[in-house]
Structure formats: C-alpha cells, structure tokens
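Asker: Need a 3D model of the sequence below.
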Amino acid sequence: MLNLRYLIPLFSTLLFVAGTDALVQVPKAKLMADTAKVDREYALEATMLGFFAKDGARNPTLKANKGDRVRITITNGELMTHDIALEKLGIKSKTLQEKGSRTSITFKADKSDTYFCTVPGHRAAGMVGSFEVVEGSVADAAVAGQVPMKNGQPLNLNFETGTLKDWTAKGDAFTNPIFAQDDPSPVHEKDMHIGFDGKYFLSSGGTTNYKQTGTLTSVPFTVTQPFAAFKVSGGALQDTRVELVQAGTDKVIFHSTGQGRATLQPVVVELQPYLNQEIYIRIVDNETGISQIPYIANDKWAHINFDDFQFYPTRPNFPNELKQKDIIILPPLDPVLNAGLSGSKAAQAMTPPSGFKITLAAAEPDIVKPICFTIDSRGRLWVVESHTYPVPAPEGQGRDRILIFEDTNGDGTLDRKKVFTEGLNLVSGMEVGMGGVWVGAAPYLLFIPADFKTDKPTGPPQKLLDGWGMQDTHETLNSLRWGPDGWLYGTHGVFTQSNVGKPGATDSERTKLNAGVWRYHPTTHQFELFAEGTSNPWGLDFNDYGHAFITACVIPHMYHMIQGGRYQRQAGKHFNPYTYDDIKTHADHVHWVGERGPHAGNFRSGSAGGGHAHSGAMIYLGNSWPQEYRNDIFMNNINGAKLNHDHPTRAGSGYMVTHRPDFMAMNDSWSQWLNMKYDGSGSVWAIDWYDKNQCHSPNPDVHDKTMGRIFKITHDNDKWVQVDLAKASDMELVNAQLNPNEWYVRQARTILQERGPNKKVHKALKDILAKNPDATRKLRALWALHVTKGLTDKDLTDLLANENEYVRSWAIQLLAEDKTVSPETLKQFATMAQNDNSSLVRMYLTSAMLRLDPSQRWDVLDALVQKSQDKDDHNLPLMLWYASEPLAAIDMKRALDMAQKSKMPKQLPYTIQRIAAIGTEDSKKLLKEFNDRVGKLEHSHENHEIQALIAKVLGE
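Answerer: The predicted model follows:
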C-alpha cells in the first residue's frame, strides 16, 4: 500500500531555529524586502535530490563578499513541498507546494552559513549546501584545455565539424545525434537548458527519442596530459553512460552517467596512470526507458548527452563539476515477466523454493478484492471482499462482505463457500473469536456476535469504538490479530488522523493516533495506543516470545514494536512534543536500491528485494517447514511482486533483522498479496488483491474491481489435517499449548479465554509453567493463565525471580497491565533495575514505567539510566528518555541530578531542553546555576556542548 504524499506546508513568516524543530514568528522588519537592491543574485531549482543551479550544479557553493546584499530565489522543480532557509541567520522563505512556484530570501552577507530545506527529512535527503563569504573575486578562474590530437590533427571530440568524423555508431540512438540549434534543444523539452559550448553537442535521443538505443565509439588516441574533462548530462541510469576504455585491453578505466538532468556538466578524470597510453571513448545508451508497468510513465531520461572532451595539465576546477558522489545511479528496470494472468496461470508463474508448491485455492469470480482474512479454529478462511474501497459509502450503504471458505478434502482448493454477512462499509481489518467477528471499518471498530455452529450473526454489528479517521482510506485501522496477552491488536497509518473512543465519549476520553500499533481488550473494553510511529504499517505478527513486529512502507520497513515505544515517522510530529528523537528501523537493510529515496527505486530494486512498499507480516511458527524458516518474518513486496524473507536475531534489548534470500517471486506485476497466515497443517494461505494498479488512489475507477485470488503454499512435509478446536475439552486445549505448531497454541488460548476461569485449567498450566524447561512453553502457559484470570499478583511477583529472562520480562509487563503496581512490587522493580543482568528485562522495566504514574518512577529510572552497558543499545536510551521526560515537570532539580548521573548519551541534553520548555523563572534559574557549575569544571568538549545548549535554550 503506497503513499506518495509528504508533509503539511509551513507558514512564510516563520523562523527556523537551527538544531530544533521549533518555528517561531519573525518580525517582518528583520527580513529584507525582496524589492531591495541586491549585489548578488542566485537562482536555484528545488527538488528532493537537492538545490540545482542553472549550470546543473547540485547544492552549489554560493559566494558573496562581506556586506553584499544577496537574494536566493528557488523555483519548485516538482509537485512537492520545499522551502529554503539559512541556518545561522535564521531566516526562512515561504513554503512552495506547486511545481514552478517561486520564493526567495534576501539578506546581508555577514558570515558563511548553510542553506537547506526545512521540511522534515529533506535536509537529510540532500537538500543542503554552503554559502560562503569570501574576499576578492567571487568567480573561479578557468583553466584552458587541449583537444586530443591524432596524426597531428585535432580529433572531433567536441563535434564542431557537425559530423561523426572520428566516431563509429551502432544502433539507432546515434544515427543523427548531433544538434546545432540554440537552447532549447529540438530533442529536449522546451524548459530544459543544455548549456553546450560551440555550435554543436551530441545526444542519443534527448527526452523526445529516449527509446532509441546504441553505442558510439571514438577512434583511439594517446593520453598526453594527466587530467581530462568532458561534459555529460542525461539519465542517472546504469545503461546510459560515458566510458573511457583502455585500447588494446578494452578495460573500462572510467565511466560516468548523467544525473537525471538536461544541463551539460563537466566531469573531471585523472589519467596519470595512463599517460602515453591509448584510450578511446565509448558512449552507451542501452536503456529504452519503456515501462512495462501499466500506470508508470516511461523514463524520458533514458538517454545520454555529451560534448567537449579535453586534456588538462593540472586538475581543472569547474564551479558546476559533476562529481560522482552526487550521482545516484539506478540499475535497469526489473523485467516484467507476466501481467494480467488468470488465476491458474498466475500460480504456475510463481517460483517457490525447492520442496514447496503453490496451489490456486480460489479466484474470481468466487473471490473479488480480498483485503483481509483470518483462519478460524476449524482451519477455515474468513475473507473480506472489499467492494467499497477506496471511497466509503453513505452510512448503511456499504457493499463489503465477509465470506467463509473451506477446503474439505485437503487438495488445496477452497471448494466450500458461504456468506457470513454483507452490507459492511470500508472494511480494512478482521479477526474471529471471543464470541463473534471483530471488524475494522472506519470510522468504527465493530463486533458482530456470531453463532459459529450455523455461521450466522446473532445480532447486528455493535459499534465498540468510533472516531477512526478516513482522510486516507488505505491507512485506516488494519491487521487485526489476537495478541498473546488476550488483547486485539491492530495497526494504523500516518496520514489518517483518528480520535478514538467509545461512542459518545468526550474529547478528553478519547485517544489521538495516526501511525502505530493499538490494542483493544475484548472483555474489559479498554482501548490504548501500544506503540506509535512508522508510516503505513499493513502487517503485524508476534514471534515465539510474544514480541510484536510490523512491516511498513516508504521509510525502512521493519520494526520490533515495544510497548510505549515511539518510532521513526514518515511524516508529522509525535503527539508528545518532548520526544526529541525516535527509535529507528530494526533492520540492517532496506528493500530498495539507491539513495534517491524509496520511490526512485520502484521497479528497479529486484536485487534488493523489490522496492519500498510492503504488505502483510507472517512470522512462521508452523511445524512442517524446514527449521531455517521458524521465527523468520515474511512480507509481500508489492512493487517487486516477491515474498521477502527477513531474519530477526536478538541484539541487546531487542533485535537486529537481516535480509535472507527472497522466498519467492510471483513473476507477475499485477500480483498484490496483502497478507499470509499458516494453518494447522503448517501450510500458508495468502490473499491476493490482484490489480494492475499498485498505488492507492481515491479514484475508484483506477482499481480493477473484478479480480482477486487466494493461494496456498505447501511444503513436502505438510500433512493436511481436519480439526475443530471448538469441540476440544479444556484439557485438550491446555495440551495444545505444547503443540509445535503455534496455530494450535493461539487458537486454543483464545478459546480458553472465551470459556473463562477454570481451576483445573489453571493447575495444569501452572504445572507447565513450573516444570517445562522450554522458555517458549513457559510463556505459552503464562499467557494462557493470564487470559483465563489464573494469576495473582503474588504469582507474578514470584516470577520476577525466575531464571529465564523472557519469563521475568513478561511478569513485569503483566504486573503493569492495569497501570498500577503495589509498593512491594515497585520496590522489587527497583531492585531488578539495579541488579538484573538482562537488557531485555531492563527494557520491560522501562516500558512498565511508562504505564505508571510519573511520581512512582524515580527509583527504577535512576538505576536504569546508570547502566553504562545500555548506552549503545538500539532501544533503551530513547525508551528511558520517554519514561523519564515527565519527571522534569514534577521535580526539575531531581530530574537534572538524575540526568547528570545518567550514562545514556542524550539524557542530559534532553533534560535541559525539557526543563527549558517549562519556561518559568525557576526553570531558568536552575539552568543558569547548572551552567555556572559546569563552567567551573574541567574544560572538555562535552562541557562546552552543554554550556552552548543551555545558552541556546535560554536564548542567550
């Protein structure tokens, strides 16, 4: 599920405070009027790739003499939000949104500075450059070059003969490649500036004839100078390039592409090692630019422009030099092997690993647009057909329906189908259990009571919660799944703003959320945000230890979601303004190529996994697939039409996730698997929203509403079973907690939860908890005891001394479940904070503190922040900050004292910022006194930084 939108515009009269996210009003008198006379004027084009001058320079160094009045004007080069600001001077332009719109800043050159785009994420993406105050001439002196010679005659390497003399062409790209007209070029778009020297330049087709391909090779010539330069522009594509080749060996000694722009720029080459040797130039255009994706436009940059090869005695300096580090080269388009296949042909086209088989279980017209599904305790598939998406219908006029499918004989075909209910509206998530069907259908979370013997609703849908937003209808509540603790979990996207509560609840009784993981308890009816952040997650699952993982889009894709965590966001700010920083991806990789951002790698990222858009999350815990797959996470890569396979391993308090070879390619560009789940036989079922359009669009006509598929993946070891756990006895359900296939474990636990407390069940589960040597089996027993109300506080506090870190951790979480603990438990937490040797346990203690009243957190946090072994942990330093941040509002001095003792790298500076944000005279006095104390300490880099920070936050 893709999203191509970015952030809300900022206002033109705002000042950007460097190093913070703060924007404050600026008196207009401080900004020079744009109408004032200027001494130095610069014009830049603003794009996500950087600021570009007319001569093609990316983020050029802008120069002026001291005292000059300078104006920098930017033109928006794309349909994106951009602005320009000066860091030290603290001025900022108005914000641009439309392509072609302009704005400027005018100022007096006093000192060197940095210019950049203030829109979150844009500076990091490369929209930043230098402004320098210099003495003397601002312009750089030019160095004269020499055209290479052969047989006493200058070679035609600048095409000033108007012919291809000294060159040999192959293919159609260089049949008539020389152009003499002034800018604009006849083969480029009218607003494109080529900037060639002399009368002629060469192009392999420009943006007009970009589909042409071929090569152009010069005659060999001798290297007579240690440096050379030539001008190039055009595609930053692997197959549009200029090569320098060693004659005789045909070894490529240098190559350069363009950078995806039309303006010719000089490229400098060092040739010292090849002096007195012969080389030749080869200009390559093997890229047609033709997109095989129905809704993706052809790439007009599939061409190369070239001019003016010369030798130089010393390295020449060009203000608009095209440096290799500024070029982000994209590989060729991934081949599209198939598109628009029938269901049976689509299954045949897939390439699963050896030992696996793909079966088409159902296809249109039996299933259309499956958006979510679950598997019940009989192994049947409950599937939502999404006929309403992407535009919600008026209340009561929804067209979505829930179907029940069953494979009655184990052949992989869903041969039995019935309709459970119809008339639902904009359904995006569903789960079954606890007496009915739970449905996410913004603006509601619904419960449909059901008789599972007749598979009929026993009443109308009940509106449990409302306030779910619909601003972006592919980022609504989704991925509903029962957690190990008996709560119903789900995810939510960043561009939809929700304010969730029970129908009729006041604003103060509601929970604001956008991106994150939420949960709802089926019997207490509590709702809460479990963790916040990421982008548009559309996949959630739990591993063997009950740890939640989600898959996301646009930003890096993999997150271990910790209760109370705040994670990297695609857009917008965290609800807590004192967050200051967030937890980044737990993966050591992304599934897209290049550094132009995730979208640039669309359909060129086959080698990395396929692209940036993911849907579904399945941690395989079945018992029949090879052991190498257990506890690994699988997600569909929408752009790449692949099943990605990632491997989490424990690292500190959490996980590091690495990429393993993609499990399977669908080899079909219309394939769009939305989720996968394993069943009682260990086989995996997958729903496929089969559509040529892979991007979300609010236009319903963009989506094909007639297709859909369900597939089954089986391994040679899978053994089909028919089972109905609803008929199992309580003790059979207890024994199911030991089953090697987690499907039995989860289904049995939910049924036990629904049946309620049972002393025999509790006794048997406690026996497993006490005696089973396997930590995962202990956890299963612990969770089942919890959901059946079989644990006392004493049971849980006794488990705080358990030898296993996972059991201790979960005992902490369950003790803090109700957001309160006894004084004795709190003391035990403090002792564990001091003495427990597990970073995982310390993480759970930190998470528990986030659930308690801030006044109860002091002793535990004071011990945890002093654990130097956690200072480089991926999660703990920030989680500790989230837990300790409110303490500043309770006791500023005590919070500052704790921060001074902390070994966490950001605890002290963040605490200073937090105290400053209180904004009282007492807070200012405390920081000044602290600043004086720091000033008397030994001079060090760290102390200077603290003093500078205090001066900054106090406005001194």
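Asker: can we go C-alpha only for contacts and neighbour counts from here?
Answerer: OK.
Asker: Pull the distance from the helix or strand harbouring Thr750 to the chain's centre.
Answerer: In this structure, Thr750 sits in helix 742-755 according to DSSP states H and E. Offset of helix 742-755 from its chain centre (C-alpha atoms, centre = their mean, to the nearest Å): 33 Å.
Asker: Which elements pack onto it?
Answerer: Contact partners of helix 742-755 among helices and strands, from 3 or more C-alpha pairs under 8 Å, 6 or more residues apart in numbering; DSSP states H and E: helix 730-735, helix 775-787.
Asker: Can I get the ones you listed in TSV including distance to Arg851 and mean neighbour count?
Answerer: Rendered in TSV, the data for the helices and strands packed on helix 742-755 read as follows (distance: least, C-alpha to C-alpha, whole Å; neighbours: other C-alpha atoms under 10 Å):
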stretch	distance to Arg851	mean neighbour count
helix 730-735	31	18
helix 775-787	18	24
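Asker: Please identify which of the ones you listed is closest to Gly423.
Answerer: Closest to Gly423 of these, according to C-alpha to C-alpha: helix 775-787, at 32.8 Å.
Asker: buried residues in the next helix or strand after that closest one?
Answerer: The C-terminal neighbour of helix 775-787 among helices and strands, as given by DSSP H and E, is helix 793-799. Within helix 793-799, the residues that qualify as buried are Leu796, Thr797, Leu799, counting by 16 or more other C-alpha atoms under 10 Å.
Asker: could you give the mean pLDDT of helix 793-799?
Answerer: Confidence over helix 793-799, taken as the mean pLDDT, stands at 98.
Asker: per-residue confidence averaged over the helix or strand that comes right after that helix?
Answerer: Using DSSP H and E, the helix or strand that directly follows helix 793-799 along the chain is helix 805-815. Over the span of helix 805-815, the pLDDT mean works out to 98.
Asker: Output the contacting helices and strands for helix 805-815.
Answerer: Taking 3+ C-alpha pairs under 8 Å, 6+ apart as the contact cut, helix 805-815 packs with helix 775-787, helix 793-799, helix 839-849.
Asker: Same list (the helices and strands packed on helix 742-755) but as JSON lines, adding distance to Pro60 and mean pLDDT.
Answerer: Formatted as JSON lines, the entries for those read as follows, by distance: least, C-alpha to C-alpha, whole Å; pLDDT from 0 to 100:
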{"stretch": "helix 730-735", "distance to Pro60": "68", "mean pLDDT": "98"}
{"stretch": "helix 775-787", "distance to Pro60": "57", "mean pLDDT": "98"}
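Asker: Out of these, which is closest to Phe405?
Answerer: Nearest to Phe405 among these is helix 730-735; the distance by C-alpha to C-alpha comes to 24.2 Å.
Asker: With just CA atoms, put that closest one into CSV.
Answerer: As requested, the backbone C-alpha atoms of helix 730-735 are provided in CSV (Å, rounded to 0.1, in the frame of the first residue of the first chain):
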residue,chain,number,x,y,z
ASP,A,730,-10.4,-27.8,28.3
MET,A,731,-7.5,-30.2,29.0
GLU,A,732,-7.1,-30.8,25.3
LEU,A,733,-6.8,-27.0,24.9
VAL,A,734,-4.2,-26.9,27.7
ASN,A,735,-2.2,-29.6,26.0
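Asker: hey, C-alpha coordinates of stretch 399-419 in CSV?
Answerer: Output of stretch 399-419 as CSV, limited to C-alpha atoms (Å, rounded to 0.1, in the frame of the first residue of the first chain):
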residue,chain,number,x,y,z
ARG,A,399,-21.1,-3.2,-0.1
ASP,A,400,-18.3,-5.2,1.6
ARG,A,401,-19.0,-8.7,2.8
ILE,A,402,-17.4,-11.5,4.8
LEU,A,403,-17.1,-14.9,3.2
ILE,A,404,-16.1,-18.2,4.8
PHE,A,405,-14.1,-20.6,2.6
GLU,A,406,-13.2,-24.2,3.4
ASP,A,407,-11.0,-26.9,1.8
THR,A,408,-13.0,-30.1,2.6
ASN,A,409,-10.6,-32.7,1.2
GLY,A,410,-7.1,-31.2,1.6
ASP,A,411,-6.3,-30.7,-2.1
GLY,A,412,-5.6,-27.0,-1.6
THR,A,413,-8.8,-25.9,-3.3
LEU,A,414,-11.4,-23.9,-1.3
ASP,A,415,-14.3,-25.9,-2.5
ARG,A,416,-16.9,-24.7,0.0
LYS,A,417,-18.0,-21.1,0.3
LYS,A,418,-20.7,-19.3,2.3
VAL,A,419,-21.6,-15.7,3.1
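Asker: Renumber starting at 15 from here on
Answerer: Noted, 15 is the first residue going forward, which turns the last one into stretch 413-433.
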